[in-house]
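> This is the structure alone, sequence omitted:
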Ligand SMILES: [Zn+2]
């Protein structure tokens, strides 16, 4: 985009969304708002208005190229939902970790996994995943690994429904 095109897009985005950062929701003067690609251009995102939002410097920097960052103010965003599907064949635990890191939480999620029942032959494990001491998901499985994966799936499923992290 040329500087002139950028200015033009920015004007139209301000008219649509106001002087707000799409991630943190705070108000900024025009010169502190940058154009943000929901689908990063490095991953094929276009310069169309639908793919652009306004973001403050610090949110724009902390996002990087992550696909899992989503606007706080947009409950259902088709671009972001598509992105989650694209990544769905990846390991749930790393996906969940990437998601929370994209939202500015650098501490990895903590899994508490215990044997909760079953028999010696067929044990049942329950895993709870915490982020900053808050419970995000619960999963059960025949092994610790499976229970943790299910807990991550559970956490991701909840996050897909709610834009608020
Ligand atoms: Zn911001």
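Arrived safely. Remember, it's a predicted structure, so these values are computed and weren't measured experimentally. Numbering: from 1, shown residues only.

> and residue 20, bridged to which residues?
residue 27 (DSSP bridges).

> how would you label residue 36: helix, strand or coil?
strand (DSSP: H, G, I helix; E, B strand; the rest coil).

> no wait, residue 136
Under three-state DSSP, residue 136 comes out as strand.

> Grab the nearest non-local neighbour of it.
Closest residue to residue 136 apart from its sequence neighbours, by CB to CB, 6 or more residues apart in numbering: residue 155 at 3.9 Å. Placement of C-beta: from N, CA and C, glycine included.

> cool, and residue 19?
residue 27 (5.3 Å).

> what sits up against stretch 147-161?
81, 84, 91-93, 95-96, 99, 109, 111, 113, 125-129, 136-141, 165 (CB atoms under 8 Å, 6 or more residues apart in numbering).

> mind redoing it with 7 Å?
With contact meaning CB atoms under 7 Å, 6 or more residues apart in numbering, stretch 147-161 is reached by 84, 92-93, 95-96, 99, 111, 113, 125-129, 136-141, 165.

> can you give me the mean pLDDT across it?
For stretch 147-161, mean pLDDT rounds to 83.
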